[in-house]
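J.: Quick check, what structure comes out for this input:
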Amino acid sequence: MTFLVPFLIILIIIFSIVRILRSGRMKKILQGSRLRWMLGGYVAILLICTGVSPLLPDKEVTYKVIKNSQDLDKESTELYEAAIEGNIDKVDNKYINKRWSFGYEEQELTIATENNELINTAVIVERKTVNDGKIEALHFKTRSGVNNMEITELEKPIRAELKGNTLTIKNPEKVKLKFSQFQHAFTVNQFTGEKPFSRSTHFYGGTSILYLKIPKDLKLVDHSYINYQFIE
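T.: Numbering: from 1, shown residues only. Here you go, the predicted structure:
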């Protein structure tokens, strides 16, 4: 029912203007042609807005609502603390974005990035207690949001590729998101008191962690300028 409020306001305005224009007192005031054109134009704008509004796109995509942004901060803190303390197995599986498992028997592993670009994720390395010939990788990601709408499912995971003795870490594929926001027309804002451009957009990117489990004696050769953190 709330969508009918602007139309009711417009109809009330039009009705009021028509009554004023028909009153004998206003006929004397409105003898100037310029003023008549101004009022006539204003009424025309109101009528056009009323007719065009039902034709606006009404297709909507519903996103999960983030009720409290502090919950996002808490999730990120808990994930990071669990990772650096080596308690990654206690992290909720809902934060696991992707898993990899690579068979690897060599003594050294070179870490590189695609085109030497910076990686927008923390990299934490845990050495296993055995040389099992396997490199395991997990990408963890907490929730992301725009204006209290959760957009986590729209994001892509980071990419990892093993070729020869080089593990290449790549940033996620870029996703282009467009958001539109409808506001009341200025004719309605005159009565609601809402100021133009009063709404702002805020974005929360969440925390991204790549957790590597490597064989006990595997030597890492860094060609990526990544700031690793090793689990002690």
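J.: what are the ranges of the strands in this protein?
T.: For the chain, strands defined by DSSP state E occupy the ranges 96-103, 108-113, 122-127, 134-141, 145-146, 149-150, 159-163, 166-170, 203-204, 208-214, 219-222, 228-230.
J.: What are the buried residues along the first one?
T.: Of all the residues in strand 96-103, those buried under the rule 16 or more other C-beta atoms under 10 Å are 97-98, 100. Where C-beta positions appear, they are placed from N, C-alpha and C, glycine not excepted.
J.: Quick one: those as CSV, columns for distance to residue 109 too.
T.: CSV is the format used below for these (distance: C-beta to C-beta, whole Å):
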residue, distance to residue 109
97, 22
98, 19
100, 13
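J.: Please identify which of these is nearest to residue 202.
T.: If you rank the buried residues of strand 96-103 by distance to residue 202 using C-beta to C-beta, residue 97 comes first, at 22.9 Å.
J.: Assess the claim that the closest one and residue 143 are in contact.
T.: No - counting by C-beta atoms under 8 Å, residue 97 does not reach residue 143; the two are 11.3 Å apart.
J.: Disregarding residues adjacent in the polypeptide, which is nearest to residue 143?
T.: residue 152 (4.8 Å; C-beta to C-beta, 6 or more residues apart in numbering).
J.: just checking, that neighbour touches residue 206?
T.: Yes - Residue 152 is in contact with residue 206 according to C-beta under 8 Å; the separation is 7.1 Å.
J.: which of these two has more neighbours?
T.: Using other C-beta atoms under 10 Å as the criterion, residue 152 and residue 206 rank with residue 206 on top: 20 against 17.
J.: Relative to residue 76, how far out is that one?
T.: 6 Å (C-beta to C-beta, to the nearest Å).
J.: go on, residue 167?
T.: 25 Å.
J.: Can you list the low-confidence ranges for the protein?
T.: 1-44, 46-63, 179-200 (pLDDT under 70).
J.: which residues does the closest residue to residue 211 other than its chain neighbours bridge with?
T.: The shortest distance from residue 211 to any residue other than its chain neighbours is 4.6 Å, reached at residue 138 (C-beta to C-beta, 6+ apart). On the basis of DSSP bridges, residue 138 is bridged to residue 99, residue 211.
J.: Do I have it right that residue 138 meets residue 89?
T.: No - the pair residue 138 / residue 89 is not scored as a contact, 10.1 Å apart, by C-beta under 8 Å.
J.: Find the residues that touch each one of residue 206 and residue 76.
T.: Residues touching both residue 206 and residue 76 (C-beta atoms under 8 Å, 6 or more residues apart in numbering): residue 142.
J.: thinking again about what came up before, got a list of what the residue nearest to residue 211 touches?
T.: 88, 96, 98-100, 210-211.
J.: Out of those residues, the closest to residue 69 would be?
T.: residue 96 (22.8 Å).
J.: who's in contact with residue 172?
T.: Neighbours of residue 172 in contact, by C-beta under 8 Å, 6+ apart: 155-159.
J.: Now do it against residue 155, distance only.
T.: 7 Å.
J.: do residue 123 as well
T.: For residue 123 relative to residue 155 (C-beta to C-beta), the value is 18 Å.
J.: Let me see the domain layout of this protein.
T.: 2-55, 69-230 (automatic domain parsing).
J.: Between its first and last residues, what's the separation in the longest one?
T.: Start-to-end span of domain 69-230 (C-alpha to C-alpha, to the nearest Å) is 30 Å.
J.: ok, now stretch 147-163?
T.: Stretch 147-163 end-to-end distance (C-alpha to C-alpha) = 41 Å.
J.: Kindly report the same for stretch 204-216.
T.: The straight-line separation of the ends of stretch 204-216 (C-alpha to C-alpha) is 37 Å.
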